[in-house]
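>>> Based on what follows, work out the 3D shape:
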Amino acid sequence: MSPLKSKPVSASRVTLSQLMQPQHANSAGNVHGGWIMKLVDEAGALACMRFANRRVVTVAIDQMMFRQPIHIGNLVTLTAEVSYTGRTSMEAEVQVVAENPITGEQTHTNTAYLVYVALDENGQPTEVPQLIPETPAQRERMEQAKARQAFRLKQRAQVEAAEQSKG
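The predicted model follows:
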């Protein structure tokens, strides 16, 4: 099997937009955070599938903080792209913007980082192309992503060690 070709960040970029309807509301009358989390996961997964040309599964979601509420009637636009690749894993950055479609006012509500693993036809992890940053900002983001991934792996090792010491 030949090595995978590297791909640029732009090969992964996905944009999803959805109008927030009353069925998306929480008890306060704003959009339920869980609904936005679902959309974020879908956008991130699509970016990684587009990049790897494989099915993917979500393995980690970093902290997600909502800077502003999203209102019913807003158009929510999610822009996702791969920000880092490992051997079988990919980190996706997802930007969320809420727009009042009447006034055009846009509000960046949150950014999330999620990690996915590519799967082969048998559901086993499989290698992914390496990421080629196209701008200085993407290079910087990739360096930051390497640090986030190292932190995630350290946390996972600590959790596994703690679980082994209990059993």
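>>> What backbone torsions are found at Gln124?
Dihedral pair for Gln124: phi -100, psi 150, per degrees, to the nearest 10.
>>> which residues of the protein fall in strands?
Here the chain has its strands, by DSSP state E, at 7-8, 14-19, 55-61, 75-85, 89-99, 106-119, 131-132.
>>> Same list, the ones you listed, but as TSV with mean pLDDT and distance to Arg148 please.
Just so you know, the C-beta spots here come from the backbone N, C-alpha and C atoms, and that holds for glycine as well. Below are these laid out as TSV (pLDDT from 0 to 100; distance: least, CB to CB, whole Å):
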stretch	mean pLDDT	distance to Arg148
strand 7-8	96	20
strand 14-19	98	20
strand 55-61	96	9
strand 75-85	98	8
strand 89-99	97	7
strand 106-119	97	6
strand 131-132	96	14
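>>> would you turn those strands into JSON lines with distance to Ala162 and mean neighbour count?
Listed next are those as JSON lines, based on distance: least, CB to CB, whole Å; neighbours: other CB atoms under 10 Å:
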{"stretch": "strand 7-8", "distance to Ala162": "37", "mean neighbour count": "18"}
{"stretch": "strand 14-19", "distance to Ala162": "37", "mean neighbour count": "15"}
{"stretch": "strand 55-61", "distance to Ala162": "18", "mean neighbour count": "16"}
{"stretch": "strand 75-85", "distance to Ala162": "26", "mean neighbour count": "23"}
{"stretch": "strand 89-99", "distance to Ala162": "23", "mean neighbour count": "23"}
{"stretch": "strand 106-119", "distance to Ala162": "21", "mean neighbour count": "20"}
{"stretch": "strand 131-132", "distance to Ala162": "32", "mean neighbour count": "20"}
